[in-house]
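*Asks:* I'll drop the sequence and a predicted model, then ask my questions.
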Amino acid sequence: MGVGHFLSRATSLTFSLFSNHKTTQKPVPNSNKSLQPLEDEAKHQTYPGSYDNPPITGLLGSRDVSANPDVTISETADISLTSTTREPNPTLASLTTQLNDEKKWRAKAENELLQVQNKLKAIHFKWKKAASELDKVLSRTRAFNQVTDEELKEMALQLRYNIRNFAIQYFSEPSSRSLPVFRGNKYDDCMPEHCELYLKQPEQYPLLVEHFLWRVLADHVFDRFLWAGASSQGLNDLWDLFAYSNGDDSQDSQTTVSTTQKIYTWRATTTRMILECPREKDTLCNLGIRERVINDVQLVLSSLSDEDYDNELHNILGAAIRMDQVICSQVANVFWEFQNSLDTEQDQGPELPENGDIVVICPAMVKRGKSNGEDFEHESILLAGGKGFFRRY
C-alpha cells in the first residue's frame, strides 16, 4: 500500500473522530488519548519493507529511505530524477564518436589541401620562371629577320637591272600592231600622264615599259603580301585599314611615330608566323595570284611588242615578290617614292626642249627606321630614283 492510501485513511479517521465529537458534544479531556487507537492502528498497518520508513512509490519509481530517515519525499524524487538522466544513451554516444571522427578527418583533409596548395604555388612560380626564360631564348633565336641596307640596295639594283634589260630586249623594235590605246585595263593608271604622245615614237617604248613595270611593282606588288597565299587578301584589307588610321592628321607627330612603329612590328610578326606555317594551298594560291598579275601586265604591254617574254616577266615578278617578303620581315618601313624632291641627283646639263617631259623611270627606295624597329623618326634614301626624258609628238 502506498503513502497516498495511508494519508487518505488517516484523514478519514480524523474526520470521523471530529464528527463523533460534534454529535455527542462530549468533552474530550485528553485528545492524545483519543487518538491513541488511531496511532496504534497505523503502526500495525502492513507495508512492504520497513514499518518505520515505508517505501515511496509513484511515477519517479521507488526508493527505500530507511537508511536515511532524514530524507524528505521531495529530496527522494530529485535523487531518483538525477540518476535517471545520467544513464548513458548508446545512440548519442555513437553519434558523438562519429562527429569526433569527422572532425579529425576534416582537419587531416584541410592539412593535406594546404600542402597541395603550397606545392601548386611553388610549381606555378617555377613555371612562370621557365616561361620567362623560354621567351628570352626565343627572342634571341627567333628575332626579326634583319637585313642590312647594303643587302636591300643590292636586291633593288638587281631588280632595276633586270627590268631595264627586259624593256630594251623586248620593246626596242616597233610592233607590227596599230598604235595602242590604254583604256579599261586594270593597270592603265600605271602609265605616265601623256603616254599616248610618247608612244608615237617606238624608240621611247623601253623607257615607257620600264616606268610602267616599276609603277606596277610599287603600287600592286610591294606591301601587297602576294607571297602570303590564302591570307593575302585579308592582310591587304588590314594593311589598308592601318594605313588609313595612321594617316589621321589629328594625331601629333610623336603619337604617329609610335603608332607607325607598332604597325610595322605587327607586320613583321605576322610575316614570320605565316612563313613558319606554310600550307599546300598557299603555294597554289601564290601561283594563281602571280598568274593574274602577269595577265594584267600583258594586257597593257601586248600591243607594244611581238616578242614572247612570258618567262622573263615571271622572273621579274618572282624577284619582286621575294624582295617584298624580305622587306615585310623587317620592322623598318621601306617604301618607293616617285617624287622628284627625293632624288639626290640634280638635273644639270643643256636646256631641255620645251616639247618634252621629265618622267621618273624607276622610283627612289626610302627607308624609315632600322630593321630592329628603332629610330622611326629618321628617314634615309637608300637608292635615288632614275629619270628619263619623253618627247611629245
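*Replies:* Everything's here; your move. Residues are numbered from 1 along each chain as shown.
*Asks:* the longest helix in the protein is where?
*Replies:* In the chain, taking DSSP state H as the definition, the longest helix is helix 90-141.
*Asks:* give me the mean pLDDT for the helix or strand just after it.
*Replies:* Next helix or strand after helix 90-141 toward the C-terminus (DSSP states H and E): helix 149-171. Taken as a whole, helix 149-171 carries a mean pLDDT of 95.
*Asks:* elements contacting helix 149-171?
*Replies:* helix 205-220, helix 310-328, strand 364-368, strand 379-383 (3 or more CB pairs under 8 Å, 6 or more residues apart in numbering; DSSP states H and E). C-beta: built from backbone N, CA, C; applies to glycine.
*Asks:* redo these as JSON lines? Include mean neighbour count and mean pLDDT.
*Replies:* Shown next, in JSON lines, are the helices and strands packed on helix 149-171 (neighbours: other CB atoms under 10 Å; pLDDT from 0 to 100):
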{"stretch": "helix 205-220", "mean neighbour count": "22", "mean pLDDT": "94"}
{"stretch": "helix 310-328", "mean neighbour count": "17", "mean pLDDT": "95"}
{"stretch": "strand 364-368", "mean neighbour count": "21", "mean pLDDT": "94"}
{"stretch": "strand 379-383", "mean neighbour count": "15", "mean pLDDT": "93"}
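*Asks:* in a markdown table, list these along with distance to residue 150.
*Replies:* Below are the helices and strands packed on helix 149-171 laid out as a markdown table (distance: least, CB to CB, whole Å):
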| stretch | distance to residue 150 |
| --- | --- |
| helix 205-220 | 21 |
| helix 310-328 | 13 |
| strand 364-368 | 12 |
| strand 379-383 | 9 |
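*Asks:* residue 270: which of those is closest?
*Replies:* Ranking those by proximity to residue 270 (CB to CB) places helix 310-328 first, at 8.3 Å.
*Asks:* can I get the helix or strand hosting residue 285 as CSV, trimmed to CA atoms?
*Replies:* Element membership for residue 285, per DSSP H and E: helix 280-301. Coordinates of each C-alpha in helix 280-301 appear next as CSV, following Å, rounded to 0.1, in the frame of the first residue of the first chain:
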residue,chain,number,x,y,z
GLU,A,280,49.9,23.5,-99.5
LYS,A,281,47.0,25.6,-100.6
ASP,A,282,49.2,28.7,-100.0
THR,A,283,51.6,27.6,-102.7
LEU,A,284,48.8,27.0,-105.2
CYS,A,285,47.2,30.4,-104.2
ASN,A,286,50.6,32.2,-104.8
LEU,A,287,50.8,30.7,-108.2
GLY,A,288,47.3,31.8,-109.0
ILE,A,289,48.0,35.4,-107.8
ARG,A,290,51.2,35.6,-109.8
GLU,A,291,49.4,34.4,-113.0
ARG,A,292,46.7,37.1,-112.6
VAL,A,293,49.3,39.9,-112.2
ILE,A,294,51.1,38.6,-115.3
ASN,A,295,47.9,38.5,-117.3
ASP,A,296,47.0,42.1,-116.4
VAL,A,297,50.5,43.3,-117.3
GLN,A,298,50.4,41.5,-120.6
LEU,A,299,47.1,43.1,-121.5
VAL,A,300,48.9,46.5,-121.4
LEU,A,301,52.2,45.5,-123.0
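*Asks:* three-state assignment of residue 88?
*Replies:* What DSSP: H, G, I helix; E, B strand; the rest coil gives for residue 88 is coil.
*Asks:* around it, how many other residues sit close by?
*Replies:* 6 (other CB atoms under 10 Å).
*Asks:* what separation is there between it and residue 100?
*Replies:* Taking CB to CB, to the nearest Å as the measure, residue 88 falls 16 Å from residue 100.
*Asks:* list the neighbouring strands of whichever helix or strand residue 388 is part of plus their orientation.
*Replies:* Using DSSP H and E, residue 388 maps to strand 386-391. Applying DSSP bridges to the sheet, strand 386-391 is found paired with strand 356-362 (antiparallel).
*Asks:* give me the contacts around the partner strand.
*Replies:* Contact partners of strand 356-362, identified using CB atoms under 8 Å, 6 or more residues apart in numbering, comprise 160, 163, 192, 194, 207, 210-211, 214, 338-340, 343, 347, 352, 385-392.
*Asks:* ditto for stretch 226-238
*Replies:* 224-225, 270-271, 274, 279, 281-286, 289-290, 293, 321-322, 324-325, 328.
*Asks:* could you pull out the buried residues of it?
*Replies:* Within stretch 226-238, the residues that qualify as buried are 226, 227, 228, 229, 231, 232, 235, 238, counting by 16 or more other CB atoms under 10 Å.
*Asks:* next, count neighbours for residue 223.
*Replies:* Residues near residue 223, counting by other CB under 10 Å, number 21.
*Asks:* that one reaches residue 324, doesn't it?
*Replies:* Yes. At 6.9 Å, residue 223 counts as touching residue 324 under the criterion of CB atoms under 8 Å.
*Asks:* and residue 312, how far from residue 163?
*Replies:* 10 Å.
*Asks:* ugh, typo on my part, it should be residue 105
*Replies:* For residue 105, the distance to residue 163 equals 84 Å [CB to CB].
*Asks:* still on that earlier bit, with secondary structure and distance to residue 174 as extra columns, can I get the buried residues of stretch 226-238 in a markdown table?
*Replies:* Shown next, in a markdown table, are these (DSSP: H, G, I helix; E, B strand; the rest coil; distance: CB to CB, whole Å):
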| residue | secondary structure | distance to residue 174 |
| --- | --- | --- |
| 226 | coil | 33 |
| 227 | coil | 37 |
| 228 | coil | 40 |
| 229 | helix | 40 |
| 231 | helix | 43 |
| 232 | helix | 38 |
| 235 | helix | 42 |
| 238 | helix | 45 |
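*Asks:* that'll do, ta.
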